[in-house]
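> I would like to see how this sequence folds:
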Amino acid sequence: MSIESTLKKEGINVIGKLNTLEINKIASNISEKICKSFPEHNINQSQLFISIARLNMFVAEMPNDMAMAKYFYKNNSIYFSKNINFNDLHTLALHECLHFIQELKDKRGKLLRFGLYNAEKNTGMALNEASVQLMASYANKAKIDTVKYYNMDFSTKSPDYYPIQTALLRQLIHFTGTYPLFHSTLYSNDIFKNTFIEVSNEKAFYQIEDNLDLIMHYENKLSEASFELSNYSGAKTSINNIKKINEKIEALKNIILEKTLKTQNIILTNCFNKQFEHIKNFEDIKQFQSDLYNYKNILITAENYNFYNQYYINMMNKLEEKRAFFTKYGEFSSFGQLNTELSTIKENTYGFIFFKKLFLKLKLLLEDYLRAKDF
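Numbers count the residues shown, from 1 in each chain. Below is the predicted model:
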């Protein structure tokens, strides 16, 4: 299928092309912002400017359910909606240029990955879009804003584009930091995935990845239903049809709310459970308690949502049990110190054998005790 046919199929009708001066201004602005905002990722500003300046950029008629801009990898072009506020042009262009940077193709030009999106498996689309948008928000020095969507209240750096996804992503990077996320977004690798699996588990990662894609899918369905309803405005149609569409809209909102909170719960439980397993001393207990308490500041909340409160109470009880155990038997750090001291004793001595056995028994006792608890 030709480029023209593909664009037409997607509802993109080109109106005109941006001139070289406009494209160079965009390239200069974006290359400077990206390199200054993410210096740790070693991007060459002059090379990035040259690459972006070579892109084709067009103003076009875009379908109502599409974003205001789209990067098309097959011809290395960016299409901006004719309805765009051109004061926001550089902001939208930054998101699309990040897509250009992250694309990974094989020798035949077949798309393999877009950062966190695996084109061959068609997974991670929403995760990648959220990460790209978060990077764009960082580069544009966006401030955190509190918003309300689908009866949920939360904070995000991107209130207008992928707000739910970026809010959930903010929870993910609470445990991983931004470096693995942004590095995988730029260079299309698995550093972020592997890092998150390390602080949670593999099953949790894939559940979150799938749920983010589902949330985006239902948001698209909601957009279509809302557009359909707007077409009935002022038109002669049955009240029953309008009622059905409104019911569909409400049902989709409820699904989005349910999927979002479920995803949040997966992040919360799997990451903090893993962190709990690594508590070795009283200082770790104090840090865990503070971390879990402050986590409420990045939660997505909704009416009757009390999962976090219940989880918090449960984990505080478990911390008390750990505190009591450390008081009675000593901290893990003490065991570690004992183990280090043992290494200085000749292994064939009676003292070494005795203390080594004692250390192992104490360690096994604690592991059995913790294993018996219902995490």
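> which residue ranges of the protein form strands?
Counting by DSSP state E, the chain has strands at residues 13-17, 56-61, 69-72, 77-81, 103-105, 111-114, 117-118, 145-149, 152-156, 301-302.
> which strands and helices lie in contact with the longest one?
The reference is to strand 56-61. On a contact count with 3 or more Cβ pairs under 8 Å, 6 or more residues apart in numbering; DSSP states H and E, strand 56-61 meets strand 13-17, helix 20-37, strand 77-81. C-betas here are computed from N, CA, C, even on glycine.
> one step back: can you say which of the strands of the chain is nearest to residue 242?
Smallest distance to residue 242 across the strands of the chain (Cβ to Cβ): 22.8 Å, for strand 145-149.
> partner strands of that closest one, with direction?
Its sheet considered, strand 145-149 pairs with strand 152-156 (antiparallel) by DSSP bridges.
> with respect to burial, which of the helices and strands packed on strand 56-61 scores highest?
Neighbour counts (mean count of other Cβ atoms under 10 Å) averaged over each of the helices and strands packed on strand 56-61 peak at strand 77-81, with a mean of 23.
> mind listing what that strand pairs with, with the direction of each?
In the sheet, strand 77-81 lines up against strand 56-61 (parallel), strand 69-72 (antiparallel) (DSSP bridges).
> okay if I get those as TSV plus distance to residue 45?
Below are the strands paired with strand 77-81 laid out as TSV (distance: least, Cβ to Cβ, whole Å):
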stretch	distance to residue 45
strand 56-61	20
strand 69-72	20
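> got the ones you listed as TSV, with mean pLDDT, distance to residue 319 and mean neighbour count columns?
Formatted as TSV, those follow (pLDDT from 0 to 100; distance: least, Cβ to Cβ, whole Å; neighbours: other Cβ atoms under 10 Å):
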stretch	mean pLDDT	distance to residue 319	mean neighbour count
strand 56-61	93	55	17
strand 69-72	91	48	21
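> and of those strands, who's closest to residue 116?
Across the strands paired with strand 77-81, closest to residue 116 is strand 69-72 (Cβ to Cβ), at 15.5 Å.
> how far does that closest one sit from the chain's center?
21 Å (Cα atoms, centre = their mean, to the nearest Å).
> kindly report the same for stretch 116-127.
Computed by Cα atoms, centre = their mean, the separation of stretch 116-127 from the middle of its chain amounts to 13 Å.
> check contacts around residue 250.
If a contact means Cβ atoms under 8 Å, 6 or more residues apart in numbering, then residue 250 has no contacts.
> can you count the residues close to residue 143?
7 (other Cβ atoms under 10 Å).
> need the helices for the stretch 201-350 of the chain, in chain order.
202-231, 239-277, 282-294, 307-329, 332-342, 350-371 (DSSP state H, counting those that start in this stretch).
> list the buried residues for the third one?
Along helix 282-294, the positions that meet the burial threshold by neighbour count (16 or more other Cβ atoms under 10 Å) are 284, 285, 288, 292.
> helices and strands around that helix, which ones?
Under the contact definition 3+ Cβ pairs under 8 Å, 6+ apart, helix 282-294 sits against helix 239-277, helix 307-329.
> for that helix, which outside residues touch it?
Applying Cβ under 8 Å, 6+ apart, the external contacts of helix 282-294 come out as 272, 275-276, 278-279, 312, 315-316, 319, 322-323, 326, 331.
> so which of those sits lowest on pLDDT?
Across the contacts of helix 282-294, the bottom pLDDT score, 86, is held by residue 331.
> wait, that one sits on residue 323?
No: with contacts counted by Cβ atoms under 8 Å, residue 331 stays clear of residue 323, the gap being 10.3 Å.
> between those two, which is the more surrounded one?
residue 331 (19 against 15).
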